[in-house]
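Undergrad: coords please:
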Amino acid sequence: MAFDIKMIEKVYENMAVRVDKARELVGRPLTLTEKILYSHLWEEKPTTTFKRGTDYVDFAPDRVACQDATAQMALLQFMHAGKKTVAVPTTVHCDHLIQAKIGAATDLAFANTQSKEVFDFLSSVSNKYGIGFWKPGSGIIHQIVLENYAFPGGMMIGTDSHTVNAGGLGMLAIGVGGADAVDVMSGMSWELKFPKLIGVKLTGKLNGWLSAKDVILKVADILTVKGGTGAVVEYFGEGATSMSCTGKGTICNMGAEIGATTSTFGYDDSMRRYLAATGRQDVVDAADKVADYLTGDAEVYANPELYFDQLIEINLSELEPHINGPFTPDRGTPVSKMKEVAALNEWPLKVEWGLIGSCTNSSYEDMSRAASIVEQAVAHGITPKAEFGINPGSEQIRYTIERDGIIATFEKMGTKVFTNACGPCIGQWDRAGADKGEKNTIVHSFNRNFSKRADGNPNTHAFVTSPEMVAALAISGRLDFNPLTDTLLNDKGEAVKLNPPVGDELPTKGFAVEDAGFQAPAEDGSSVEVVVSETSDRLQLLAPFAAWEGKNIAGAKLLIKAFGKCTTDHISMAGPWLRFRGHLDNISNNMLIGAENAFNGKANSVKNQLTRDYAEVPAVARAYKSAGIPSIVVGDHNYGEGSSREHAAMEPRFLGVVAVLVKSFARIHETNLKKQGMLGLTFANESDYDKIQEDDTINFLDLTEFAPDKPLTLEFVHADGTKDIILANHTYNSSQIGWFVAGSALNLIAAGKA
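TA: Presented below is the predicted three-dimensional model:
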């Protein structure tokens, strides 16, 4: 169930050798990020230096982790790879398909009935191919990884963008699409563009109402949702070593919200404490032997401006608690400024719900600090003004906080304790009244707050903040309440000022759990049968995508010109659509239904050039596909921001989209498009976006000459017969062009040619 100490010791043995060689090769001190990257090169030893942000490099990750919503498609693809077992340790975690509504027991029982077919499929595939399986209710993937599998200096990939959470234990943990995971599970190398490096120097120390959450909320405010694209964020300094391991995990987790490849911290005492508390003293003993390799060289941190591409300095002693939002996680507002900013923007001030949990903030420390605020309110006779809900991060967390009375404290204020699962954070929340579409405000400790994400209501203003601040705002019922200065009235009419939160970093009595929810795979899974019904609406076996015909694509129709923010939530919504994540045909009915059409300002309304009528995006795509007509999608900046879900690439591929042409891509989505045999292109001249017209037909003029570093030329033929020739850049290397030629990367794996 837990770590493989022999594997970890082997990683450290390789690291000690490879880092020394890499330092000699590079000719200078190394950052922690560089040490981990060089020690995980696919080749046995480094033979060259790599250009940051330019060179694609093959790596050998130590682990793979998959959550249930994305695992379905990943494992359906892996079944085509022709392997008897996974080549690296892999786990599947059932945390996405459980809806929050009534409470843990009722909600979990309903999920086990509603999604039994999917859970049984994941269980049987895991059993057959040597994959560890974490049952529904066991917890959220990233919390479980932190508790059981993460280790300093390791490299892992996961089919969820918040895999980066494991950076809290000094890993390079990177979110990927399922096709990337299949590569690694199949025993192949994993390709990544050698990242740029952003250093964040933390001075001072957290105190009072300030939490680790406020650090990443500030960083997000500085860098924005795309400022970390193509980079690893490495945190260091006295402020970094002074905070808890799970606090570090919170910071790394939300690195996904700035587009970063991943984030990490150097090995320190907080990690030692956490590893020991979670039963991994053997890892501490092994890590201590190579401790110098598990953090950046001293010269790097003494003169960081010489070694990082960008440097940010934050003094924790001067930092103020933040509340970010609404509708985007990078709009930061210090708590002292919220009254002014909220009034200026006419945000609803009444807080309807406070939600604590998600993979970002569901640790013991998070729960105990938030509970200390609730305990004060109860003791002073203060009645909460908003509804309250929590999602413990794992069964181990839930069991421990129940034993220690923390759940009982929350329940004194009528808190709903939801299942140990993602719940409202990913839209798995059956919120009463959300269908009315009323303008309202909620506060939560999650990572994302895009429009409609939590409850499906586009008018819900969701704000991201720390668990303790969520507690304070929910109790007060006011978005503009500042617990550092403001008071609350109790049942006696007395003014009460809340004291700063307190809580234990780790449980003083140790962690405890009766049944963690883990299922070990069969030693020999060859006789295990995986059954997928042909009539199922939840699961569908995959058919290979067709290879490229070797000709210029001609006569393609514009499917949609998306305007503004177009995240993976816009391209392939979660919420109720999660139930179809294992059925490509059915899930494709949500393709781009959230994207705004630049020509009419509406979502899910595009012109069908065959009928001249407006219809839903998937319907129009299917019409073109049925007629044998390819289509393309045009988009704006940071297209595909958000989740790692490869459905956002597989659905367009399935419905006949051959290319996505945008101003810029989010990293994971661009890779996912490539893996599925599509063309992910960017405007050489961003202003050409304005030349695209609603009735355009597109011809590729030189696709037959597709080559690395050579732009492609597209001809846009307008309805009046005029034309615009547009140059499109791409980042494909020769191997990735091979994916396009073959129809997908998986086709090459299945053919034994990858």
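Undergrad: residue nearest the centroid of this protein?
TA: Taking C-alpha atoms, centre = their mean as the criterion, Ser161 is the residue nearest the geometric centre of the chain, at 2.1 Å.
Undergrad: hmm, that residue is touching Gly640, no?
TA: No: counting by C-beta atoms under 8 Å, Gly640 is not a contact partner of Ser161; they are 10.7 Å apart. For every residue, glycine as well, the C-beta is placed using N, CA and C.
Undergrad: residues in contact with stretch 725-743?
TA: 56, 191, 193, 544-548, 550, 661, 670, 674-675, 677-685, 688, 691, 701, 706-708, 711-716, 745, 747-748, 751, 753 (C-beta atoms under 8 Å, 6 or more residues apart in numbering).
Undergrad: quick check: end-to-end length of it?
TA: One end of stretch 725-743 sits 26 Å from the other (C-alpha to C-alpha, to the nearest Å).
Undergrad: buried ones in the helix or strand bottoming out on mean pLDDT in the chain?
TA: Least confident helix or strand, the chain: helix 745-750 with a mean of 85, by mean pLDDT, DSSP states H and E. Within helix 745-750, the residues that count as buried by 16 or more other C-beta atoms under 10 Å are Ala745, Leu746, Asn747, Leu748, Ile749, Ala750.
Undergrad: heading C-terminal from the longest helix along the chain, find the next helix or strand.
TA: In the chain, taking DSSP state H as the definition, the longest helix is helix 5-26. Following helix 5-26 in sequence order, the next helix or strand is helix 32-39 (DSSP states H and E).
Undergrad: in terms of secondary structure, what does that next one contact?
TA: Applying 3 or more C-beta pairs under 8 Å, 6 or more residues apart in numbering; DSSP states H and E, we find helix 32-39 packed against helix 5-26, strand 172-175, strand 231-236, strand 262-265.
Undergrad: mind putting the buried residues of helix 745-750 in TSV, distance to Arg23 included?
TA: Below are the buried residues of helix 745-750 laid out as TSV (distance: C-beta to C-beta, whole Å):
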residue	distance to Arg23
Ala745	33
Leu746	37
Asn747	40
Leu748	35
Ile749	35
Ala750	40
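Undergrad: which of these sits closest to Ala574?
TA: Taking C-beta to C-beta as the measure, Ala574 lies nearest Leu746 of the buried residues of helix 745-750, at 23.6 Å.
Undergrad: ok, for that closest one, nearest residue in space, not its chain neighbours?
TA: Gln77 (5.3 Å; C-beta to C-beta, 6 or more residues apart in numbering).
Undergrad: the one you found - that's part of a helix, no?
TA: Yes: assessed with DSSP: H, G, I helix; E, B strand; the rest coil, Gln77 lies in a helix.
Undergrad: where in the stretch 51-200 of the chain is pLDDT low?
TA: Within the stretch 51-200 of the chain, the set of residues satisfying pLDDT under 70 is empty.
Undergrad: ok, which stretches of it are strands?
TA: 56-59, 63-67, 90-93, 132-134, 155-158, 172-175, 190-193, 196-203 (DSSP state E, counting those that start in this stretch).
Undergrad: buried ones in the longest one, by neighbour count?
TA: Residues Lys196, Leu197, Ile198, Gly199, Val200, Lys201, Leu202 are the ones in strand 196-203 that count as buried (16+ other C-beta under 10 Å).
Undergrad: by contact count, what packs against the helix or strand just after that strand?
TA: Next helix or strand after strand 196-203 toward the C-terminus (DSSP H and E): helix 212-223. When contacts are defined as 3+ C-beta pairs under 8 Å, 6+ apart, helix 212-223 packs onto strand 196-203, helix 245-253, strand 310-315, strand 322-324, strand 332-334.
Undergrad: re earlier: now do the contacts for the residue nearest to Leu746.
TA: Gln77 neighbours (C-beta under 8 Å, 6+ apart): Gly178, Ala179, Val182, Leu542, Leu746.
Undergrad: neighbours around the fourth one, how many?
TA: Neighbourhood size, Leu542 [other C-beta atoms under 10 Å]: 16.
Undergrad: grab the nearest non-local neighbour of it.
TA: Computed as C-beta to C-beta, 6+ apart, the closest residue to Leu542 that is not its neighbour in sequence is Leu76, at 5.1 Å.
Undergrad: state the distance from that neighbour to Ala87.
TA: 18 Å (C-beta to C-beta, to the nearest Å).
Undergrad: and the helices in the stretch 401-550 of the chain?
TA: 406-411, 467-476 (DSSP state H, counting those that start in this stretch).
Undergrad: what's next to the shortest one, contact-wise?
TA: For helix 406-411, the surrounding residues in contact (C-beta under 8 Å, 6+ apart) are 367-368, 370-371, 374-375, 378, 388, 390, 398, 401-402, 417.
Undergrad: I'd like the average pLDDT over that helix.
TA: Mean pLDDT, helix 406-411: 96.
Undergrad: now do the last one
TA: Regarding helix 467-476, the rounded mean pLDDT is 98.
Undergrad: what's in contact with that helix?
TA: Contacts of helix 467-476 (C-beta under 8 Å, 6+ apart): 209, 211, 213, 321, 323, 335, 351, 353-356, 361, 366-367, 369-374, 377, 382, 384-388, 413, 443-445, 465, 479, 481, 483, 486, 488, 498, 501.
Undergrad: how far does it sit from the chain's center?
TA: Taking C-alpha atoms, centre = their mean, to the nearest Å, one finds helix 467-476 lying 25 Å from the centre of the chain it belongs to.
Undergrad: what angle do that helix and helix 245-253 make?
TA: Calculated by axes from the mean of the first three to the mean of the last three C-alpha atoms, to 10 degrees, helix 467-476 forms an angle of 90 degrees with helix 245-253.
Undergrad: which residues of the stretch 551-700 of the chain fall in helices?
TA: For the stretch 551-700 of the chain, applying DSSP H, counting those that start in this stretch gives helices covering 568-571, 584-587, 617-626, 647-654, 667-675.
Undergrad: is it possible to get CSV of the ones you listed that adds distance to Asp524, mean pLDDT and mean neighbour count?
TA: Listed next are the helices of the stretch 551-700 of the chain as CSV, based on distance: least, C-beta to C-beta, whole Å; pLDDT from 0 to 100; neighbours: other C-beta atoms under 10 Å:
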stretch, distance to Asp524, mean pLDDT, mean neighbour count
helix 568-571, 38, 94, 26
helix 584-587, 31, 96, 20
helix 617-626, 42, 98, 20
helix 647-654, 32, 96, 27
helix 667-675, 31, 92, 27
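Undergrad: low-confidence stretches in the chain?
TA: Along the chain, segments meeting pLDDT under 70 span 1-3, 753-754.
Undergrad: redo that, cut-off 50
TA: 1 (pLDDT under 50).
Undergrad: now the residue lying farthest from the centre of it: how far from Pro384?
TA: Centroid-distance maximum for the chain: Lys492 at 45.7 Å, with C-alpha atoms, centre = their mean. Per C-beta to C-beta, Lys492 is found 16 Å from Pro384.
Undergrad: check contacts around the residue nearest to Gly423 when sequence neighbours are not counted.
TA: Using C-beta to C-beta, 6+ apart and skipping residues adjacent in sequence, the residue nearest Gly423 is Ala100, 3.7 Å away. Listed by C-beta under 8 Å, 6+ apart, the contact partners of Ala100 are Asp107, Gly389, Asn391, Lys416, Phe418, Thr419, Ala421, Gly423, Pro424, Gln428, Trp429, Asp430.
Undergrad: which stretch of helix or strand covers the residue nearest to the fourth one when sequence neighbours are not counted?
TA: In space, not counting the residues next to it along the chain, Lys416 is nearest to Gly389; the distance is 4.4 Å by C-beta to C-beta, 6+ apart. For Gly389, the element it lies in under DSSP H and E is strand 387-390.
Undergrad: from the contact counts, what lies against that strand?
TA: Using 3+ C-beta pairs under 8 Å, 6+ apart, strand 387-390 sits against strand 351-356, strand 416-417, helix 467-476.
Undergrad: hmm, 7 Å instead?
TA: Applying 3 or more C-beta pairs under 7 Å, 6 or more residues apart in numbering; DSSP states H and E, we find strand 387-390 packed against strand 351-356, strand 416-417.
Undergrad: may I have it exported as CSV, CA atoms only?
TA: What follows is strand 387-390, C-alpha atoms only, in CSV (Å, rounded to 0.1, in the frame of the first residue of the first chain):
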residue,chain,number,x,y,z
GLU,A,387,-24.0,27.3,5.6
PHE,A,388,-20.8,25.2,6.2
GLY,A,389,-19.4,22.1,4.6
ILE,A,390,-16.1,20.2,4.8
